[in-house]
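S.K.: Next come a sequence and a model predicted from it.
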Amino acid sequence: MRKRLAEVVAYLDSTRQALMATSAGASTSFASMRAGDGTWSVAENLAHLALVEDGIARLVERSVEWGRSNGVPAEESDSSVMSSIDAFELGDPGRKRTAPEIVMPPRDAVMADALQSLTRSRARLREALVSADGMDLARLTRAHPLLGELDMYQWAIFVAQHEERHRRQIERTLNDLADRVARCAPIV
């Protein structure tokens, strides 16, 4: 696998591993609980991530297909693309953002279903990216509703940074719920 693509795929793998480790701390009952009004449960966060990733996987698939049909040249650069969207501070969970309706999770999201959806969406995204190994994915761009034109490397990095943002939200939710339980626990 070419250096740029390998770097992006490794980043996707590391953020997914961190997300799974954090989510593993959610008991069945905590997974569906919200820490407060206007927040999502762990299961809702995971369902949202799967919806977003699946949509981006479709976008990458279509873009790669277009690239093949239109003779997008081979990758020539090995320079890193990892910091190419850092200016948007996507990983910062403190900045409140509202998800578009199309990627809003169901209110009754179930942890097991969300985890299965995440597995499928990651396999689809990974397959789309790996199938384009050698193609210059920087030449394939599509507009993001908030960020503007992103190339396919940047779209994949977006998935990882978006996932990290929600991992932090999940961590905060689990901590808030644990604090509530601790405050309600009888004093011995």
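M.R.: Here it is on my side, so go on. Source: prediction; values computed, not measured.

S.K.: Run through the helices of this structure in chain order.
M.R.: Per DSSP state H, the chain carries helices over the ranges 3-23, 28-31, 42-69, 111-131, 152-184.

S.K.: Which of these has the highest mean neighbour count?
M.R.: Greatest average neighbour count among the helices of the chain goes to helix 42-69 (a mean of 20), per mean count of other Cβ atoms under 10 Å. Where C-beta positions appear, they are placed from N, C-alpha and C, glycine not excepted.

S.K.: what's that one packed up against?
M.R.: For helix 42-69, the elements it packs on are helix 3-23, helix 28-31, helix 111-131, helix 152-184, judged by 3 or more Cβ pairs under 8 Å, 6 or more residues apart in numbering; DSSP states H and E.

S.K.: Which one of these lies nearest to Leu59?
M.R.: helix 152-184 (6.5 Å; Cβ to Cβ).

S.K.: Kindly provide the whole-number mean pLDDT of that closest one.
M.R.: In this model, helix 152-184 has a mean pLDDT of 92.

S.K.: Against which helices or strands is that helix packed?
M.R.: The helices and strands touching helix 152-184, judged by 3+ Cβ pairs under 8 Å, 6+ apart, are helix 3-23, helix 42-69, helix 111-131, strand 141-144.

S.K.: Alright, I will stop here.
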